[in-house]
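> structure for this input, please:
(chains A, B, C and D)
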Number of protein chains: 4
Amino acid sequence: MTISVAVSGASGYAGGEVLRLLAGHPGVTIGAITAHSNAGSRLGELQPHLHGLADRILEDTTVANLAGHDVVFLALPHGASAEIAAQLPEGTVVIDAGADHRLEDPAAWEKFYGSPHAGTWPYGLPELPGQREALKGAKRIAVPGCYPTSALLALTPGFADHLLEPDDVVIVSASGTSGAGKAAKVNLIGSEVMGSMSPYGVGGGHRHTPEIEQGLSKAAGEKVTVSFTPTLAPMSRGILSTATAKVKPGTTAAQLRLAWIEAYEDEPFVHVLPEGQWPTTKSVLGSNHAAMQVAFDPHAGRVVVTCVIDNLTKGTAGGAVQSMNIALGLPETAGLNLQGVAP
Amino acid sequence: MTISVAVSGASGYAGGEVLRLLAGHPGVTIGAITAHSNAGSRLGELQPHLHGLADRILEDTTVANLAGHDVVFLALPHGASAEIAAQLPEGTVVIDAGADHRLEDPAAWEKFYGSPHAGTWPYGLPELPGQREALKGAKRIAVPGCYPTSALLALTPGFADHLLEPDDVVIVSASGTSGAGKAAKVNLIGSEVMGSMSPYGVGGGHRHTPEIEQGLSKAAGEKVTVSFTPTLAPMSRGILSTATAKVKPGTTAAQLRLAWIEAYEDEPFVHVLPEGQWPTTKSVLGSNHAAMQVAFDPHAGRVVVTCVIDNLTKGTAGGAVQSMNIALGLPETAGLNLQGVAP
Amino acid sequence: MTISVAVSGASGYAGGEVLRLLAGHPGVTIGAITAHSNAGSRLGELQPHLHGLADRILEDTTVANLAGHDVVFLALPHGASAEIAAQLPEGTVVIDAGADHRLEDPAAWEKFYGSPHAGTWPYGLPELPGQREALKGAKRIAVPGCYPTSALLALTPGFADHLLEPDDVVIVSASGTSGAGKAAKVNLIGSEVMGSMSPYGVGGGHRHTPEIEQGLSKAAGEKVTVSFTPTLAPMSRGILSTATAKVKPGTTAAQLRLAWIEAYEDEPFVHVLPEGQWPTTKSVLGSNHAAMQVAFDPHAGRVVVTCVIDNLTKGTAGGAVQSMNIALGLPETAGLNLQGVAP
Amino acid sequence: MTISVAVSGASGYAGGEVLRLLAGHPGVTIGAITAHSNAGSRLGELQPHLHGLADRILEDTTVANLAGHDVVFLALPHGASAEIAAQLPEGTVVIDAGADHRLEDPAAWEKFYGSPHAGTWPYGLPELPGQREALKGAKRIAVPGCYPTSALLALTPGFADHLLEPDDVVIVSASGTSGAGKAAKVNLIGSEVMGSMSPYGVGGGHRHTPEIEQGLSKAAGEKVTVSFTPTLAPMSRGILSTATAKVKPGTTAAQLRLAWIEAYEDEPFVHVLPEGQWPTTKSVLGSNHAAMQVAFDPHAGRVVVTCVIDNLTKGTAGGAVQSMNIALGLPETAGLNLQGVAP
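Numbering: from 1, shown residues only, chains lettered A, B, ... in the order given. Just a heads-up that it's a prediction; the model follows:
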């Protein structure tokens, strides 16, 4: 018996990626595919890479169209998903790729998103301590943001093992432009972004900052403060996060390395690279894998972790499918047995 | 019972792509993975995107290491594959991603490759008329070149239906740089190729020219002459071929369109796009799909077919796996149920 | 005494490039800089690369603001420039980077542009036979389209010397995305165009087709028919045109090469490369230079000329400034002594 | 009377960029152009973008060929420049684009470069406090490294005004691939780098670390410790440095902003952007300009400065020419009146 799934927001990048993965998932049947302004269109027009679903017609994103499936994926602007989710049956597994249910602190939510807090759902990053258990049987799942996925994977082992100082974390991330969505904006057109790097949201203003702090603070058991700077890189997909923290006095390089290796040695999707090998975003393109390198800089007293993911796969849709698998008791890697697409 | 396969040339782009596809193929077990100068290395070092095979060690490319498998993929420089293939057991399915066994005309072979002709094998492009049948049960298969794959898919329907003049075909193709291989050459480094288009082998000198003419001539039943110009585009993967021929007097746009639609309507991997939609290489990236548009230019009296493939997938490794599936009687799409990776 | 110039359309790519070049022109003073919806903005906001003009404020594009300068550059949508030009003083040198005054045939204009023909101006491509003379003292100049610039430079020498057949010209051009303008369209955003090649306007529909035919027909002294296919390449700037025509019987490779060399040997901006060297768009980036290679394919009976320009410089703003220099009797290379920016 | 200059290392990227700028410099005559293994070649073959110098023949890089010019530019591997420089006449202005004479601390030199220290020359970054004076009349000039140029421009104003804590500086830089030189290495080929971000030299190992610390420590008047992580971005040119330091208690956003504005308000090439505008590497491409934004993150107690340069221009050859101008008493902007090339 296969599981029926509905996907909303199917004309955007997150929704398209969910469909790409589900089209190769052995245990699911894709039911309603919905959109907002593009309802009525043929999917092949809007997502021409989804050859296997090209003739499907987009339906309206309504509760009526989404209900009646075992699983509903929401890939909607923040605000929109909370509204729809509240009307879906309690027994439906609802997986929200948006931000609405990630933050636990209503004040942080309101400060960064400017609307009332819609409540907190289990967080879809099973590689965090205890998180896999929390997802088993869950009916509501908040998929992490793409930057937080890379940042939390990068630094959690050190905080969980109490090797890092909590008050001076610096994270600089470079993201492919798909992270900015499928939006017709002049600053995103190819002529502007090709051959160009640029920062944005510098100075603590990016909405993913409180989400990163929330995750690291949980791991550390104390309040962690983060300086986070996102930058836009001339590529469609991928995130490289350079995450660095001061190490506690007396910590050795070997201790640091061991913490990361032990944290991830049984993980199917997270890889600590052999010493001397640097991660590349291309090595994870289109896959649910994360790869990282852990370097200790004794001169600066810092650990520097460089971590790569595909923002749309492990950073969004892959994490969503992985979480669904866990929630439903399917093999965790079902539908995600994809290598990176390189070169 | 699964089929055991060996892959040679595993440190290069073609070999890496064969492995990427086989790693997701439900019916095969990957046996020996071999290389030449990189024998002894861990695959994860050389192909860091193949996370599922990262700990495999490359063996030497020898007959001894390759023999004993049901299927052997050869992704070797031309000349090398003929030599090894000749020593493999007759019952082994040998699939050559190189050029050695594609051309039927020894003179053409010698003119373009400068070495003795090694014989001709069944041609691994099942979408050509009669070709699927020819591959069933085959023990030796010559995978087409990447440019010929796109060019033959683009123009064969018109020639097979005798709608096109044979003496004035012009094909201009733009290829991603992976087509030039994983070679340390200054003219291929990123600083040189990013942001730049350039032609090469102009004037009929490219080795794929006789292969294109061979395929089109077979379809037409008469000698077809081609002017072929390859260009290098600033992208890693993908081929866009713009293929144009004069139409025979009296041919209509509707006739032309119908010829292409009928030729491919039952094909799982070849798609004639709805009118008004242009193909993009991104829509087939990492997939075994080809997409094309057929346009009639009555002013110039020409049909212009624009066809996209991924040079490494449908143009090399995907075509190889598809051919293997046919040869062995497996479902033709086994291991190839991959959508394009976009954006 | 310097020449005062006004530049309209300054928030777009063509207008920005005119300003970039004029900012380094020793003989001009930049007066009014105008725009439409962006009037009132600081130029540094819209064109942050024009550091030397960052504090200039954009004025409205009106006749009043433009008149009173020695030279007015129009970088406006087609239709708009004809309207303004008609109201500017006869003694003002008006240089139109748009299409309004390029075509001589009103029927071709109306077929491709759908509006009444506004008359024909001297054509700003001084490398065409007799064209430099025609520009001397001109008060109205129509800057060629970017594709026609590359196509006409590529094939004119062969037609002018009557070496080519007029009825079977095929041109396939790859253009950087800036050719599509600074427009907020989803199909132009970086996530869509990076790593992707795609055609458009296939089948004779592109507006530059009649302009190319007009130029080649003039050179040949007979009607030349062209099949023209534009494609979009993943780069911001640059055009590579692959232009091919059948050669007349008996024509030799040496004759062909000589025709091109003689046509351009005294030209400061057009270069026939030594045999064996292929042109790259990067080699002309940001410069007013064109580079080309001429190859004879005896098998197909065709000459294949591959020609590169920067679509915004030689293909638009550089050609405009070069034409202005000629019209005013300044040194032709004034302000254009720029090498390509490579790598 | 013009100044005669010789350029060594002319087949590489740094040497090519020096030539590109000198070809447009009104006060110099380009004498010997030299190379090592490429001596005897036509420059047009190796640097096809230098159209104005295409027919020049490369000479051997010898003291005899370089001596006899007023100015000699050395764009050689480290070690090589010190050796040649020692043999050039004392009265010749020698400008070393390499690393040999940048560091003051022999121990730091030997640790990072592994060879004997060749002495320290005036540092060619005139925007640093007091540095413009130090360059006037200088006969030997060490051009800064590309990363240090961006990092020092980014943070010096804050350290010079004693607003920043010295013991916790984190700098993450993204560089175009030309920073890695014109080297035939597999990890640099376009297929590998396009669409991919990757770090390297993480953990304090990059040779530019001591150079950055040297400059910041001088400005601060105390020892500054830096964690520096370089990353490779999929573009040919450009550096974006994200540089962050803890601010001293009580420092306000207004104080911070003022420090930067005052430091650079009279500088022709360094620009603090208006609030709300982010720098892009494209805005400085091919130019000698630097642009930056200064943001205060009160939550993390950090200033975050994002600074862009073109690594080959302001970061290498432009800085070299600017320094030459100062040393010789020419206008500082001579030959450098170039806007960025965008889009």
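
> any idea what the residue of the stretch 201-343 of chain A found nearest chain B is structurally, helix, strand or coil?
Closest to chain B within the stretch 201-343 of chain A is A:Gly340: 3.0 Å, counting by C-beta to the nearest C-beta. Backbone N, C-alpha and C define where each C-beta goes, glycine included. Secondary structure of A:Gly340, reduced to three states by DSSP: H, G, I helix; E, B strand; the rest coil: coil.

> OK, contacts around it?
By C-beta atoms under 8 Å, 6 or more residues apart in numbering or on different chains, the contact list for A:Gly340 reads A:282-287, A:289, A:310, B:48-51.

> of all those residues, which two lie farthest apart?
Among the contacts of A:Gly340, the pair separated by the greatest distance (C-beta to C-beta) is A:Asp310 and B:Leu50, at 15.2 Å.

> and those two? Which one has more around it.
A:Asp310 (34 against 23; other C-beta atoms under 10 Å in any protein chain shown).

> just the pLDDT at that one, thanks.
Reported pLDDT at A:Asp310 in the predicted model: 98.

> over to A:Met1?
With respect to pLDDT, A:Met1 has a value of 68.

> can you pull the phi and psi angles for the closest residue to A:Arg56 other than its chain neighbours?
Counting by C-beta to C-beta, 6 or more residues apart in numbering or on different chains, A:Leu43 is the residue found nearest to A:Arg56 once chain neighbours are left out, at 4.5 Å. Per-residue torsions, A:Leu43: phi -60, psi -40 (degrees, to the nearest 10).

> touching, A:Gly335 and A:Val321? I think so.
Yes: assessed by C-beta atoms under 8 Å, A:Gly335 is found in contact with A:Val321 at 5.6 Å.

> list residues touching both of the two?
By C-beta under 8 Å, 6+ apart, the residues touching both A:Gly335 and A:Val321 are A:21-22, A:25.

> so does the helix or strand hosting A:Val170 get close to chain C?
Taking DSSP states H and E as the criterion, A:Val170 maps to strand A:169-175. No: legend: contact between strand A:169-175 and chain C by C-beta under 8 Å from any C-beta of the partner chain is lacking; minimum distance shown is 11.0 Å.

> partner strands of that strand, with direction?
Strand A:169-175 pairs in its sheet with strand A:226-232 (parallel), strand A:239-246 (antiparallel), by DSSP bridges.

> ok so, going back, filter the contacts of A:Gly340 by proximity to chain D?
Okay, of the contacts of A:Gly340 touching chain D (C-beta under 8 Å from any C-beta), that's A:282, A:285.

> if I look at the nearest residue to A:Leu188 once chain neighbours are set aside, how far off is D:Ala142?
Sequence neighbours aside, C:Ile189 is the residue nearest to A:Leu188 in space, at 4.6 Å (criterion: C-beta to C-beta, 6+ apart). Taking C-beta to C-beta, to the nearest Å as the measure, C:Ile189 falls 43 Å from D:Ala142.

> what's the closest non-adjacent residue to whichever residue of the stretch 1-150 of chain A sits closest to chain B?
Closest approach between the stretch 1-150 of chain A and chain B, counting by C-beta to the nearest C-beta: A:His49, at 3.1 Å. Nearest residue to A:His49, sequence neighbours excluded (C-beta to C-beta, 6+ apart): B:Gly340, at 3.1 Å.

> just A:Gly119 next, same as before
A:His101 (6.1 Å).

> check which helix or strand that neighbour maps to.
Applying DSSP H and E, one finds A:His101 in no helix or strand.

> contact partners for it?
With C-beta under 8 Å, 6+ apart, A:His101 has these contacts: A:81-82, A:85, A:118-121, A:140, A:142.

> circling back: ok, now how distant is the residue nearest to A:Arg56 from B:Thr306?
Distance, A:Leu43 to B:Thr306, by C-beta to C-beta: 22 Å.

> who's more crowded, the two?
Set A:Leu43 next to B:Thr306 and count neighbours by other C-beta under 10 Å: B:Thr306 wins out with 29 against 22.

> that one contacts B:Ser241, correct?
Yes: between B:Thr306 and B:Ser241 there is a contact under C-beta under 8 Å: 7.2 Å.

> list phi and psi for A:Ala6.
Per degrees, to the nearest 10, the backbone of A:Ala6 is at phi -120, psi 150.

> repeat for A:Glu59
Backbone torsions for A:Glu59, taken as degrees, to the nearest 10, come to phi -100, psi 170.

> that one touches A:Ala32, doesn't it?
Yes: using C-beta under 8 Å, A:Glu59 makes contact with A:Ala32 at a distance of 5.4 Å.

> intersection of neighbour lists for those two?
A:Asn65.

> these two: which is more packed in?
Comparing A:Glu59 with A:Ala32 by other C-beta under 10 Å, the one with more neighbours is A:Ala32, at 23 against 19.

> which element is the more buried one on?
strand A:28-35.

> and that strand, what's its mean pLDDT?
The average pLDDT for strand A:28-35 rounds to 98.

> buried residues in that strand?
Within strand A:28-35, the residues that count as buried by 16 or more other C-beta atoms under 10 Å in any protein chain shown are A:28, A:30-35.

> can you count the residues close to A:Gly205?
A:Gly205 has 15 nearby residues by other C-beta under 10 Å.

> re the thing from before, now, the shared contacts of A:Gly335 and A:Val321 that are in helices?
A:21-22 (DSSP state H).

> longest single helix anywhere in chain A?
Max-length helix for chain A by DSSP H is helix A:146-160.

> how far out from the middle of the chain is it?
Helix A:146-160 sits 11 Å away from the centroid of its parent chain (C-alpha atoms, centre = their mean, to the nearest Å).
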